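Q: Output the structure for:
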Amino acid sequence: MNNINSRRAALSLLAMVIDQGVMITSAKKENIESYRLCNAKEKRAAVRLSMDCLRNYQPSQMLLKSYLTKMPPQPLLRIIIIGVIELCVNKAAAHGVVNDSVKLAHELKRGPSFSGLVNAVLRKISRDGINVWSGIRPQSLPIWIGRPLKQQHGKIIQKKIEAVHSKIPPIDLTFKAGGEKNEEKLPNGSLRVWKGAIAKYPGYEEGQWWVQDAAASIPVKLLGNLRGKSVLDLCAAPGGKTMQLLDAGANVTALDISRNRMKILKENLERVNLDANLVTTDIFSYKVGEEYDIVLLDAPCSATGTIRRHPDLPFLKGQEELDILVTLQKKMLGRAREFVKPGGHILYCTCSLLYDEGEYQIEDFLLNNSDIYPVKIDYVSVGLSKECESLNKSIRTRPDFWSEYGGMDGFFISHLRKKDLLANKN
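A: Predicted coordinates for the structure are as follows:
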């Protein structure tokens, strides 16, 4: 692997996020020349490096205040930040980091005049910067996330969450029934892995498991025996919960508005040898002649609970988008109610840290729908503690939970039920 190739590509990915407002996971990265010219290993390294930089962008700038009297132009600053992260976080060899950083500076317009600065700063940091780095606080969340988070949980919890966000997260696997490995599992039954190419992990080709954060696997586990139950999985792609439902024996209709995401869901189902009724449309256009035993709504949200895996997210979203999402979620919950039969269940969840997209959404829904009531969730059965209990019998996980295992995504789950008025009369 040629490290300068991955460093050059990481520089382009940083610019794409910060200047163009495009998420790394959703970007058409092959359109970026520096990325396209990398081999597979260099591409993975470039993505990892750019993510590490985004997790630690503020701390890098804090460190550099001790070494720079004036910040250089942004393209040069990003070269230095990449160097800082490689030296202080990834503990890369100083010689290669400094040399490649100087070469990258020479490739930029006006870059040669700053190459001496790049060289001097990174050499100094390689000597004493690591010790300084250890005393710098983790990256703060933007106000639109940090302020409500502090109001919800207090400053101490907010800082704990920010500390988790600065760490490289593990990857969790959900296994099909009977396909579990005799390895140490998380309390909810997921298997956690820390490194390596996922597609090379045993059982991938055989379709024995799929990637799914432990927190995201919890909602379906709360539904009990699903065999023969009819389930409408709304906003289903890429299909982690769809696969859980099918593996448990449910008859699933999976709906999503995105053709590209539904294509991924279809491919995922084929790999694990499961089959669902796939419908590509939006929730408000979907016409159905039947009501379902269960409606699962994993609603579009700010995804603030996944920042540890998507550190570019705080650079791209804001309060205006959150307000739009909260309004959409309210409408979707109302629509989900229409699909569930009397006596049936609604499972509402979001991968958000914010009460506006969880607790307050459910509180408003219950106030306006007298035929819906919350079901108490058995948090112990999915490996959670009493600390996860929230308003109206819901569950809220946080990134600082399961710290002894490496944390988890922030997730909100509410299990609701529609009254069977006819049964009550009888």
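Q: the strands in the stretch 151-300 of the chain, which residues?
A: Assigned by DSSP state E, counting those that start in this stretch, the strands in the stretch 151-300 of the chain fall at 171-175, 191-193, 209-211, 230-234, 251-256, 277-280, 292-298.
Q: Show me which residues of stretch 265-276 are buried.
A: Across stretch 265-276, burial judged by 16 or more other Cβ atoms under 10 Å covers L265, K266, N268, L269, V272, L274, A276. Glycine gets a C-beta too; all of them are placed from N, C-alpha and C.
Q: okay, the longest strand along the chain in PDB with CA atoms only?
A: Scanning the chain for the strand with the most residues, using DSSP state E, yields strand 340-350. Only the C-alpha atoms of strand 340-350 are listed here, as PDB (Å, rounded to 0.1, in the frame of the first residue of the first chain):
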ATOM      1  CA  VAL A 340     -52.200  -1.700  12.400                       C
ATOM      2  CA  LYS A 341     -55.200  -3.900  13.300                       C
ATOM      3  CA  PRO A 342     -57.100  -3.500  16.600                       C
ATOM      4  CA  GLY A 343     -55.100  -5.200  19.300                       C
ATOM      5  CA  GLY A 344     -52.000  -4.900  17.100                       C
ATOM      6  CA  HIS A 345     -48.600  -3.400  17.900                       C
ATOM      7  CA  ILE A 346     -46.700  -0.300  16.700                       C
ATOM      8  CA  LEU A 347     -43.000  -0.300  17.300                       C
ATOM      9  CA  TYR A 348     -41.600   3.200  16.800                       C
ATOM     10  CA  CYS A 349     -37.800   3.800  16.900                       C
ATOM     11  CA  THR A 350     -35.200   6.400  15.900                       C
END
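Q: any residues touching that strand, and which ones?
A: Contacts to strand 340-350, defined as Cβ atoms under 8 Å, 6 or more residues apart in numbering, come from residues 219-220, 222-223, 232, 291-299, 301, 305, 329, 333, 336-337, 357-358, 361-362, 365, 372, 375, 411-423.
Q: In contact with R137, which residues?
A: For R137, the contact set (Cβ under 8 Å, 6+ apart) comprises P59, K159.
Q: now the helices: where do they sit in the stretch 51-200 of the chain?
A: Remark: helices assigned in the stretch 51-200 of the chain by DSSP state H, counting those that start in this stretch are 57-64, 74-88, 94-106, 115-124, 130-133, 143-153, 155-165.
Q: winner for burial among the ones you listed?
A: Neighbour counts (mean count of other Cβ atoms under 10 Å) averaged over each of these peak at helix 74-88, with a mean of 23.
Q: From the contact counts, what lies against it?
A: helix 3-20, helix 40-55, helix 57-64, helix 94-106, helix 115-124, helix 130-133 (3 or more Cβ pairs under 8 Å, 6 or more residues apart in numbering; DSSP states H and E).
Q: K159: which of those helices is closest?
A: Comparison of the helices and strands packed on helix 74-88 against K159 by Cβ to Cβ identifies helix 57-64 as nearest, at 13.6 Å.
Q: how much distance is there from the closest one to the middle of the chain?
A: Centroid separation between helix 57-64 and its chain, computed with Cα atoms, centre = their mean, to the nearest Å, is 24 Å.
Q: what do you get for stretch 214-224?
A: On Cα atoms, centre = their mean, the centre of stretch 214-224 falls 16 Å from that of its chain.
Q: Provide the contact partners of that stretch at residue level.
A: The contact list for stretch 214-224, computed with Cβ under 8 Å, 6+ apart, reads 172, 174, 186, 188-190, 192, 226, 240-241, 244-245, 248, 294, 296, 298, 305, 345, 347, 349, 351, 377-378, 381-382, 384, 395, 397, 402, 408-411, 413, 415.
Q: and if you look at stretch 97-111?
A: Contact with stretch 97-111 is made by 3-4, 7-8, 11, 73, 75-76, 79-80, 82-83, 86-87, 112, 114-115, 118-119, 122-123, 126, as judged by Cβ under 8 Å, 6+ apart.
Q: so where's the stretch 101-250 of the chain uncertain?
A: 180-182 (pLDDT under 70).
Q: thinking again about what came up before, now the longest strand of the chain: average pLDDT?
A: Averaged across strand 340-350, pLDDT comes to 97.
Q: Show me which positions of it end up buried.
A: Neighbour-count burial for strand 340-350 flags V340, G344, H345, I346, L347, Y348, C349, T350 (criterion: 16+ other Cβ under 10 Å).
Q: Out of those, which two sit at the greatest distance?
A: Largest separation among these by Cβ to Cβ: G344 and T350, giving 20.6 Å.
Q: contacting residues for the residue positioned nearest the centre of the chain?
A: Among the residues of the chain, T306 comes closest to the average C-alpha position under Cα atoms, centre = their mean, at 2.9 Å. By Cβ under 8 Å, 6+ apart, the residues touching T306 are D213, L313, C351, D409, G410.
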